[in-house]
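Colleague: Have a look; sequence and predicted model below, questions after that.
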Amino acid sequence: MEEKIKKLEKTSSAKNGKNGKRAPRKPRKSVPQTEARPAKAPKTPKTPKAQTARKAQRPAKAAKRPAARGETQKTPKKTIRNSSASPVRRGRGQALGKLRVIPLGGIDEIGKNMTVLEYGNDIIVIDCGLAFPDDDMPGIDLVIPDTQYLQKNRDKIRGIFITHGHEDHIGALPYVLKEINVPVYGTRLTLGLIRRKLSEHRLEKQCALIEMQYGDIVNKGVFSVEFIKVNHSIADACAFAVRTPLGTIIHTGDFKIDTTPIRGKMIDLARFGELGKEGVLLLMSDSTNAENPGFAMSEKAVGKSFENIFNNAGGKRIIVATFSSNIHRVQQIITAAVRHGRKVALSGRSMENVLQVAVELGHMNIPDGTVLTLGEISRYPDEKIVIITTGSQGEPMSALYRMAFSDHRSVEITHNDLIVISARPIPGNERMVSNVVNELQKLGAEVVQDRSVHVSGHACQEELKIMLSLIRPLYFMPVHGEYKHRLQHAKLAEETGVDASNIFLTENGKVLEIGADGAKWAGTVPSGKIFIDGIGVGDVGNIVLRDRKHLAEDGILIIVATIDPARRAVVSGPSIMTRGFVYVKDNEALLAEAEAVAAARLNAMLTHGKSDWGTLKTQLRDELAHFISAKTKRRPMILPVLMEI
């Protein structure tokens with residue numbers, strides 16, 4: 001993989017040129033539109049069979065960009081305005097229906113983001129993310145949203161719109177698209193990451209990925225979705241302005257206001273202000289940092305911190321752990337390394353994959369000869385090496401975790417290592433990160449983990465209030481966060497003038513129904529968690545998890561006996577085997593006594609004519625559970641195995 005990235009360095013230089021600017025795009029081929037369903041939204045701009053439109057600021061006679069796969073030629077964008085200050089749009093002589101807003105994930109949790117917008121016979125989905133398992137989910141690899149409702153209404157779904165390329169927004173796509181194959185719309189880097197993810201599941205040729213740019217509008221059924229530039233900790237992030245027959249919904253996605261971004265422009269606050277003047281029906285906004293006062297720091301502040309670290313590193317080898325998707329952070333690390341004459345090696349499959357996509361798409365500029373393979377780092381002294389690795393969240397089996405526990409095949413931690421953890425622990429991961437830091441320090445490494453080496457990609461209180469003040473929504477729904485985050489966000493909305501009765505603290509699966517007469521709760525739809533365990537999707541449920549936790553906490557005791565029903569006698573056993581309960585060699589007397597108790601109970605039941613297998617197993621299990629609890633105060637799982645001759 002490192003060799004691929006090395007080859008791509010030349011691609012990066014060619015695409016970006018000497019001054020680091022991207023070369024002009026080649027026009028894409030136009031493919032005939034596969035869906036003929038017309039848009040029904042009142043007051044939408046009339047364009048000849050167009051599904052998307054360009055920015056209004058561009059000249060009307062500008063050449064049209066050829067459309068992406070599955071889309072027709074785009075026409076110049078027209079500003080869509082309501083006829084009055086009211087956000088509710090009324091068609092002439094047309095009765096308005098009900099708009100349903102249904103979060104299927106991302107509420108009262110960090111991750112698993114998915115939101116459904118439904119009007120009549122049309123549905124669009126915003127984001128399709130995963131979450132990582134909690135401590136009480138032993139053996140689970142990933143968690144995705146329950147999509148029963150979408151599968152039941154698959155014929156209504158017009159597309160999935162992705163705000164950005166983080167796993168908590170795209171990670172569930174391979175599993176969902178196997179059941180609901182609809183077009184996926186996103187920006188360039190976002191689709192690049194999705195395409196690689198789908199290729200791992202051998203789905204890249206089966207799914208339509210439609211590339212969009214900021215300012216583009218795509219009409220799907222009654223919905224008209226506009227892509228708006230925002231800043232986040234990954235490139236090509238966007239918000240959506242969704243026009244419906246009732247008015248405009250704005251979904252911010254994850255965002256912050258960064259006035260000095262590493263690459264590209266700052267968030268398009270002007271466009272949000274224009275939409276606010278037109279009238280916004282509902283705002284759904286990121287709540288992750290709603291408890292943090294002030295503003296989130298610019299990503300460029302981290303670059304200055306890295307400069308100081310590199311200046312003071314002396315002869316030490318530098319290892320930086322960060323999120324693989326934060327390509328702006330990685331670019332700053334590489335830039336600092338080049339400036340100080342250091343070579344860079346990458347560790348972690350996701351780090352290698354994301355950087356390969358970023359270089360291919362021209363989002364990173366890596367000078368020739370900068371990247372080494374891990375096998376080549378031994379040829380250079382420590383003061384000439386920087387290793388960028390995954391594992392900033394202390395994930396078991398991540399690259400940094402394996403380094404900390406001396407299990408990495410290429411990197412051995414020594415007292416001459418300076419390790420920078422450039423990430424804030426996600427809520428729930430604090431203990432894992434602390435364990436990794438402790439192990440690194442035991443090996444003699446110096447660990448830097450202060451706020452100067454990380455900035456958040458999520459808006460803090462003042463930024464959230466700016467967004468609320470610009471948009472001035474009629475209704476407000478805080479999303480993307482735990483309850484305490486969303487509650488604080490609701491308070492900020494009240495401070496900026498949103499009526500408390502128009503603020504909706506929702507739950508996963510809870511339906512908010514909006515009509516011309518107002519908004520109200522309208523029941524629930526199936527929602528929850530689907531567990532991914534190996535290649536199994538959804539075959540592990542709460543009962544299996546309960547048994548796994550029982551086994552993990554108390555162990556298992558298996559009792560085996562052979563019975564002759566004709567003679568009503570035990571002919572072999574009972575014998576006991578145990579795992580995770582007690583150490584057998586130190587507890588032989590206890591287990592022998594347990595076998596005697598089991599034999600007495602079996603003989604008593606057989607003597608009284610009880611030969612039903614269910615009854616025998618239940619009473620044997622209860623008898624042993626009572627005995628074990630009295631002797632040890634423990635409650636292992638007891639599994640009777642009875643055989644018949």
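Modeller: Nice, I can see it. Residues are numbered from 1 along each chain as shown.
Colleague: quick one: the closest residue in space to Arg472 that isn't next to it in sequence from Leu283, how far?
Modeller: In space, and not counting its chain neighbours, Arg472 is closest to Gly276: 4.8 Å by Cβ to Cβ, 6 or more residues apart in numbering. Just so you know, the C-beta spots here come from the backbone N, C-alpha and C atoms, and that holds for glycine as well. Here the criterion is Cβ to Cβ, to the nearest Å. By it, Gly276 lies 9 Å from Leu283.
Colleague: which residues do the two both contact?
Modeller: Counting by Cβ atoms under 8 Å, 6 or more residues apart in numbering, the shared contacts of Gly276 and Leu283 are Ile471.
Colleague: Between the two, point out the one with more neighbours.
Modeller: Leu283 (27 against 20; other Cβ atoms under 10 Å).
Colleague: Verify the contact between the more buried one and Ser469 for me.
Modeller: No: contact criterion Cβ atoms under 8 Å: Leu283 and Ser469 do not qualify, at 11.1 Å.
Colleague: rewinding a little: helix, strand or coil for the residue nearest to Arg472?
Modeller: State at Gly276, reduced to three classes by DSSP: H, G, I helix; E, B strand; the rest coil: helix.
Colleague: quick one: contacts for it?
Modeller: Leu470, Ile471, Arg472.
Colleague: Now His251: phi and psi?
Modeller: Backbone torsions of His251, given as degrees, to the nearest 10, read phi -110, psi 110.
Colleague: Does it touch Ile126 like I think?
Modeller: Yes: judged on Cβ under 8 Å, His251 makes contact with Ile126 at a distance of 5.4 Å.
Colleague: Overlap of the contact sets of the two?
Modeller: Both His251 and Ile126 are contacted by Thr115, Thr163, Phe240, under the criterion Cβ under 8 Å, 6+ apart.
Colleague: And the last one, which helix or strand is it part of?
Modeller: Looking back up the chat, that one is Phe240. Taking DSSP states H and E as the criterion, Phe240 maps to strand 238-244.
Colleague: any residues touching that strand, and which ones?
Modeller: 41, 44, 80, 89, 99, 117, 119, 124, 126, 161, 163-164, 187, 214, 222-230, 248-253, 255, 271-272, 275, 281.
Colleague: from the middle of its chain, how far away would that strand be?
Modeller: 20 Å (Cα atoms, centre = their mean, to the nearest Å).
Colleague: cool, stretch 597-609 as well?
Modeller: The answer for stretch 597-609 is 55 Å, by Cα atoms, centre = their mean.
Colleague: send the alpha carbons of that stretch over as PDB?
Modeller: The C-alpha coordinates for stretch 597-609 follow below in PDB (Å, rounded to 0.1, in the frame of the first residue of the first chain):
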ATOM      1  CA  VAL A 597     -25.900 -33.300  43.900                       C
ATOM      2  CA  ALA A 598     -26.700 -33.600  40.200                       C
ATOM      3  CA  ALA A 599     -26.700 -37.400  40.400                       C
ATOM      4  CA  ALA A 600     -29.000 -37.500  43.400                       C
ATOM      5  CA  ARG A 601     -31.500 -35.100  41.700                       C
ATOM      6  CA  LEU A 602     -31.500 -37.100  38.400                       C
ATOM      7  CA  ASN A 603     -32.000 -40.400  40.200                       C
ATOM      8  CA  ALA A 604     -34.900 -38.900  42.300                       C
ATOM      9  CA  MET A 605     -36.700 -37.600  39.200                       C
ATOM     10  CA  LEU A 606     -36.200 -40.900  37.300                       C
ATOM     11  CA  THR A 607     -37.500 -42.900  40.200                       C
ATOM     12  CA  HIS A 608     -40.700 -40.800  40.300                       C
ATOM     13  CA  GLY A 609     -41.300 -41.500  36.600                       C
END
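Colleague: Show me what counts as buried in it.
Modeller: Val597, Ala598, Ala599, Arg601, Leu602, Met605, Leu606 (16 or more other Cβ atoms under 10 Å).
Colleague: Stretch 200-219 too?
Modeller: The neighbour-count check on stretch 200-219 (16+ other Cβ under 10 Å) flags 203, 207-219 as buried.
Colleague: Out of these, which is nearest to Ala625?
Modeller: Leu203 (47.7 Å; Cβ to Cβ).
Colleague: Would you state the predicted confidence (pLDDT) at the closest one?
Modeller: Note for Leu203: predicted pLDDT of 90.
Colleague: so what's it up against?
Modeller: Residues near Leu203 by Cβ under 8 Å, 6+ apart: Pro174, Leu177, Lys178.
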